[in-house]
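Asker: Provided below are the primary sequence and the corresponding predicted coordinates.
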Amino acid sequence: MRILLTNDDGIDAPGLEALAVAAARLGRACVVVAPADPHSGCGHRVTTDRPLRVIPAGPGRFAVTGTPADCVRIALAELAPDATLVLSGINAGGNLGADIHHSGTVAAAREAALHGRIAVAASHYRRSGGDIDWERAATWLELVFSTLPLGGEAPAAGSLWNVNLPDPPEGMGPPPIVECPVDASPFALGYRMTDEGWRYAANYHDRPRMAQGDVALCFGGAITVSRLGLV
């Protein structure tokens, strides 16, 4: 009945340590199986054409030379098959709206849900150049965990939760926790030519959004919780 922790920023990422702090307060043993290197934006890619190395990184900690989805697959098959809850994150950056399709953080949770586990992906939106208070993030995520049924059966068949912590204005109190739909608005199509080729140039923070979707609510200072389907 262990908790599996993973991410896409790599096993040394501070967000993974913050996730471990929040998870420890659930009162269950945790095992960490995370990528040896960052894999941000890798989506649900899995490795089947080469061996994966599993490198011990301390008691109950393993680094894998693969993607976030690889980490979950090998953990549930070999390293922590008794894990009933899988937590992925805390990603250094939001995974809102269309982000869920290319996010390695969300992919790890999705892979766990495919195998019948309770799964949560957690990310922290931040404005350009802003620092993340990881101690505060762990406290906020603990509050979110207290609102979710993480100790029983998996949620509605074929689903997982996607949580995004906000970057609120200075002086704002504890953010509200809002369950909301994922905003399906597409990214702006903006590119500029460089010497190396076309570079994406649209502003992430100016992206299109719908009023009550996860993008607008998290940008506005709320903690968003969205139920995602697998297909």
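Answerer: Received, thanks.
Asker: run a quick neighbour tally on Ile55.
Answerer: Neighbour count of Ile55, defined by other Cβ atoms under 10 Å: 11. C-beta coordinates here come from the backbone N, C-alpha and C atoms, glycine included.
Asker: next, give phi and psi for the spatially closest residue to Arg25 that is not a sequence neighbour.
Answerer: Distance criterion Cβ to Cβ, 6 or more residues apart in numbering; nearest residue to Arg25, sequence neighbours excluded, is Glu142 at 5.2 Å. Per-residue torsions, Glu142: phi -60, psi -40 (degrees, to the nearest 10).
Asker: shaky segments in this structure?
Answerer: Along the chain, the parts satisfying pLDDT under 70 run over 128-129, 152-157.
Asker: pretty sure Ala184 contacts Asp99?
Answerer: No - Ala184 is not in contact with Asp99 according to Cβ atoms under 8 Å; the separation is 11.5 Å.
Asker: so the two - more neighbours on which side?
Answerer: Asp99 (25 against 12).
Asker: where's Ile3 relative to Arg50, distance?
Answerer: For Ile3, the distance to Arg50 (Cβ to Cβ, to the nearest Å) stands at 29 Å.
Asker: settle it for me: which of these two has more neighbours?
Answerer: Ile3 (24 against 8).
Asker: quick check: beta-bridge partners of Pro120?
Answerer: Careful, residue 120 is Val; it's not Pro. Per DSSP bridges, the residues bridged to Val120 are Leu87, Trp161.
Asker: so how far is Ile55 from it?
Answerer: 25 Å.
Asker: again, but for Thr147
Answerer: In terms of Cβ to Cβ, Thr147 sits 35 Å off from Ile55.
Asker: backbone dihedrals for the residue of the chain positioned farthest from its centre, please?
Answerer: Distance from the C-alpha centroid of the chain, by Cα atoms, centre = their mean, peaks at Asp195 (34.0 Å). Main-chain torsions, Asp195, degrees, to the nearest 10: phi -60, psi -30.
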